[in-house]
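Okay, structure incoming, though there's no sequence with it:
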């Protein structure tokens, strides 16, 4: 190919360019390449600027619509930017803030803290992280979590200050409500008149109320450091520690009585109860313990035990004296009769000639009275041995008359008028004659004494009749002072008496005798004056009655 002929397009490619010796061709080629390079650089620059502008628009859109207060300040603190959320909230533009400032929007109680953070940010570029109250256009303060930081260039010089404020009013109100609730709960627990504790699952004390602190003289930290077991009396420490460990292991509530040391070194008895607190999954997260002071109760129980022991000794002596007096009273009448008849017998035998018939009569009376004494002693022995009474058919009318005749031998009781009202001359009951006579003597004697000193003319009425159930009811009705108290049952309790020198066992023994007979003895106050005692006994079976 001739060199003067032009080459094909393929030969004219960038790798095989013709060389212009004169130099003109070089300039054309360089100009062509430079134009291509410039065109490429301009296109990249254009694309970069578009991308930067787009990102700036996106960032601006984000900052303007973000639900937070965003602002920017110059290094000297001058506000140069506020997003729409910030201006809408406080009602001020950047120009307004630059003219009138923004410090007045801070709550007065937060001003000192905010001012300190702001000054450190301006002077040292120290980041600020604070929760403050900020005034809105509606005149209300809201809580904002505010973070402010500095922007520096490559040399470390502060070029701007940026801040973001997040509305945490709802969270703060919840915290304040919780704090208020906790404070209220704390005040309530501090006013409870018992010592309250809370213990973790490992046995460590996590809370004590004011009464614990006042009682022990220790703070919560001191109790933690020393261990609560040290407050327990040494004699109970081992047992209490065992019960505590058992409760922590089993998860079952526990109760114990223990002595706890007071600040002055005195130990007082407390009743301790521990209950587990569980979460929704049933797991124990805490133990709550209450200590109730029972020291006064404990000491009262000790005094009561000592008193009971003393009363027991006294009552034994008193009962023995009462029984001795009762025995002496019961055998006094027949023994006196024995003596009188013996003296009469001696007189009949000394006369001349001896009056044998009268002497024999006196001897028969001596034998009768001696047997009566023997009957008294046998019945007393049966009472001591708690033997069942030997019951025989008896005429209740005769028992009443015999008992009253014995009572009338007492000079002080002889003049008391007694009115009898019997349904018939014979009202048969199944009873131990001696024991039921003792009951009648006791009830009539009490009625006579109750009528003394009332200023009224004594009146005692004894009424006996058969009931629809074929029982014999005997009523002793007086116009005395009546039974004391609201419950007439108290007079049948042992050692309860209305008499000045009484022992308070007569009615108690009488009721025991009647109940041993399958009967009833009860009393009640009359509508106007006095009281009525009712003695209810069963009659003998038809077979026994016929015999």
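Yes, it's here. Note that the structure is predicted; figures quoted are calculated from it, not measured.

going forward, measure contacts between C-alpha atoms and count neighbours the same way
Fine.

Residue 203 versus residue 471, what's the distance?
70 Å (CA to CA, to the nearest Å).

scratch that, residue 269 is what I was asking about
Distance from residue 269 to residue 203, by CA to CA: 22 Å.

Looking only at neighbour counts, state which of the two leads.
residue 269 (21 against 15; other CA atoms under 10 Å).

That one belongs to a strand, doesn't it?
Yes - under DSSP: H, G, I helix; E, B strand; the rest coil, residue 269 falls within a strand.

need the contact list for it.
257-260, 293-295, 298 (CA atoms under 8 Å, 6 or more residues apart in numbering).

hey, what's residue 287 bridged with?
Partner residues in beta bridges with residue 287, using DSSP bridges, are residue 199, residue 276.

Just the ones of the contacts of residue 269 in strands?
257-260, 293 (DSSP state E).

Closest one of those to residue 476?
Of all the ones in strands among the contacts of residue 269, residue 293 has the smallest distance to residue 476: 51.6 Å, by CA to CA.

confidence score at the closest residue to the closest one other than its chain neighbours?
In this structure, residue 293 finds its nearest non-sequential neighbour in residue 270, 4.4 Å apart by CA to CA, 6 or more residues apart in numbering. Note for residue 270: predicted pLDDT of 92.

Show the backbone phi and psi for residue 446.
The phi/psi pair for residue 446 (degrees, to the nearest 10) reads phi -60, psi -40.

Check residue 210 too.
phi -60, psi -40.

tell me, how many neighbours does it end up with?
Residue 210, neighbours per other CA under 10 Å, totals 21.

What of residue 451?
For residue 451, using other CA under 10 Å, the count is 22.

contacting residues for it?
Applying CA under 8 Å, 6+ apart, the residues contacting residue 451 are 458-459, 478-481, 530.

and it, how far is that from residue 526?
Separation of residue 451 from residue 526 (CA to CA) stands at 13 Å.

before we move on, what about residue 124?
Residue 124 is 101 Å from residue 526, by CA to CA.

Which of the two has more residues huddled nearby?
Neighbour count, other CA under 10 Å: between residue 124 and residue 526, residue 526 has more, with 15 against 11.

Can you tell me, leaving aside adjacent residues, what's nearest to the more buried one?
Nearest residue to residue 526 in three dimensions, chain neighbours excluded: residue 532, at 6.5 Å (CA to CA, 6+ apart).

Name the residues linked to that neighbour by a beta bridge.
With DSSP bridges as the rule, residue 532 is bridged to residue 477, residue 524.

what's the neighbour count on it?
Neighbour tally, residue 532, other CA under 10 Å: 24.

which residues in the protein form helices?
24-65, 84-90, 94-100, 111-124, 169-191, 210-216, 220-226, 234-250, 295-350, 356-384, 396-407, 433-450, 506-516, 542-546 (DSSP state H).

Just put the ones you listed in a markdown table and tack on distance to residue 265 and mean pLDDT.
What follows is the helices of the chain, written out as a markdown table (distance: least, CA to CA, whole Å; pLDDT from 0 to 100):
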| stretch | distance to residue 265 | mean pLDDT |
| --- | --- | --- |
| helix 24-65 | 68 | 60 |
| helix 84-90 | 63 | 92 |
| helix 94-100 | 66 | 90 |
| helix 111-124 | 47 | 91 |
| helix 169-191 | 22 | 81 |
| helix 210-216 | 9 | 91 |
| helix 220-226 | 15 | 86 |
| helix 234-250 | 13 | 90 |
| helix 295-350 | 15 | 73 |
| helix 356-384 | 53 | 75 |
| helix 396-407 | 65 | 85 |
| helix 433-450 | 57 | 85 |
| helix 506-516 | 49 | 80 |
| helix 542-546 | 76 | 51 |
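
Just put these in TSV and tack on distance to residue 425.
Putting the helices of the chain into TSV (distance: least, CA to CA, whole Å) gives the following:
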stretch	distance to residue 425
helix 24-65	117
helix 84-90	112
helix 94-100	122
helix 111-124	110
helix 169-191	75
helix 210-216	77
helix 220-226	86
helix 234-250	73
helix 295-350	26
helix 356-384	25
helix 396-407	7
helix 433-450	17
helix 506-516	22
helix 542-546	15
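
nearest to residue 71, of the ones you listed?
Once the helices of the chain are compared by CA to CA, helix 84-90 is nearest, at 7.6 Å.

Run the chain-centre distance for the closest one.
56 Å (CA atoms, centre = their mean, to the nearest Å).

Quick check: end-to-end length of stretch 189-204?
Where stretch 189-204 begins and where it ends lie 19 Å apart, using CA to CA.

So for that stretch, what gets flagged as buried?
By 16 or more other CA atoms under 10 Å, the buried positions in stretch 189-204 come out as 189-190, 194-200.

how far is it from where the chain is centred?
14 Å.

Contacts for it next, please.
Outside stretch 189-204, the residues within contact range by CA under 8 Å, 6+ apart are 205-212, 224, 227, 244, 248, 284-293.

which among these end up buried?
205-212, 244, 248, 286-291, 293.

So what's the residue count around residue 364?
Neighbourhood size, residue 364 [other CA under 10 Å]: 13.

Quick one: residues contacting it.
No contacts exist for residue 364 under CA under 8 Å, 6+ apart.

Can you lay out the contacts of residue 451 as TSV showing neighbour count, distance to residue 443 and pLDDT?
Shown next, in TSV, are the contacts of residue 451 (neighbours: other CA atoms under 10 Å; distance: CA to CA, whole Å; pLDDT from 0 to 100):
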residue	neighbour count	distance to residue 443	pLDDT
458	20	15	89
459	17	14	88
478	26	11	93
479	24	14	90
480	27	13	89
481	17	14	86
530	20	13	90
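
In strands only, show me these.
residue 478.

what's the straight distance from one end of stretch 348-366 to the other?
Per CA to CA, stretch 348-366 runs 14 Å from first to last residue.

From the chain's centroid, how far away is that stretch?
Worked out by CA atoms, centre = their mean, stretch 348-366 lies 84 Å from the chain centre.

buried sites along it?
Buried-residue list, stretch 348-366, by 16+ other CA under 10 Å: 348-349, 359, 362-363, 365-366.
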